[in-house]
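S.K.: Sequence and predicted structure are below.
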Amino acid sequence: MVQIIPARDISLYELEEKFGLQLATDTNFFTEWTEDLPTLTDSEKQAIGRVKSNYLNLNKHRLMSEEAVKMVVLSPLLDLAGFYQPPFEIETETSVEISAEDESFIGELLRLAYG
């Protein structure tokens, strides 16, 4: 019988240990990702290397939340690409506060929203 494990319940480290997976470091592994790209400066290469290293380090032994990925990967890449400079603008999510007389009602809403 096939056992299905949700991605949120297993780490990359556990997959490597259980199935003998190895990180592919060959830069020609997906050539379509590297064709016809602009040349990067040495500082850009170093910055991207840090983002990659940070992600691999943090993702190896623990599951990363969406917020962690935004902080560790997305934000540095957006900065490097100049998306925080004019003419670009960012907009953050609007916070929503829920209140109710019955605390179990709020708990149920949160469970439904976040699993």
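M.R.: Sure, I can see it.
S.K.: contacts, neighbours, all on C-alpha from now
M.R.: Will do.
S.K.: tell me the contacts of the spatially most central residue of the chain?
M.R.: Compute the mean C-alpha point of the chain, and by C-alpha atoms, centre = their mean the closest residue is residue 69, 3.0 Å away. Contacts for residue 69 (C-alpha atoms under 8 Å, 6 or more residues apart in numbering) come out as residue 55.
S.K.: Check this protein for its longest helix and report it.
M.R.: Identified as the longest helix of the chain according to DSSP state H is helix 42-61.
S.K.: Buried residues, it. List them.
M.R.: 48, 51, 55, 59 (16 or more other C-alpha atoms under 10 Å).
S.K.: Quick one: distance of it to the chain centre.
M.R.: Using C-alpha atoms, centre = their mean, to the nearest Å, the mean C-alpha position of helix 42-61 is found 12 Å from that of the whole chain.
S.K.: CA atoms of that helix as PDB?
M.R.: This file holds the C-alpha atoms of helix 42-61, laid out as PDB (Å, rounded to 0.1, in the frame of the first residue of the first chain):
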ATOM      1  CA  ASP A  42      30.500  39.400  -9.100                       C
ATOM      2  CA  SER A  43      28.600  41.100  -6.300                       C
ATOM      3  CA  GLU A  44      25.300  39.800  -7.800                       C
ATOM      4  CA  LYS A  45      26.700  36.300  -8.000                       C
ATOM      5  CA  GLN A  46      27.800  36.500  -4.300                       C
ATOM      6  CA  ALA A  47      24.400  37.800  -3.300                       C
ATOM      7  CA  ILE A  48      22.600  35.100  -5.100                       C
ATOM      8  CA  GLY A  49      25.000  32.500  -3.600                       C
ATOM      9  CA  ARG A  50      24.200  33.800  -0.100                       C
ATOM     10  CA  VAL A  51      20.400  33.500  -0.800                       C
ATOM     11  CA  LYS A  52      20.900  30.000  -2.000                       C
ATOM     12  CA  SER A  53      23.100  29.000   0.900                       C
ATOM     13  CA  ASN A  54      20.700  30.500   3.400                       C
ATOM     14  CA  TYR A  55      17.700  28.700   1.900                       C
ATOM     15  CA  LEU A  56      19.500  25.300   1.700                       C
ATOM     16  CA  ASN A  57      20.800  25.700   5.300                       C
ATOM     17  CA  LEU A  58      17.400  26.600   6.800                       C
ATOM     18  CA  ASN A  59      15.400  24.200   4.700                       C
ATOM     19  CA  LYS A  60      17.600  21.200   5.300                       C
ATOM     20  CA  HIS A  61      16.400  20.200   8.800                       C
END
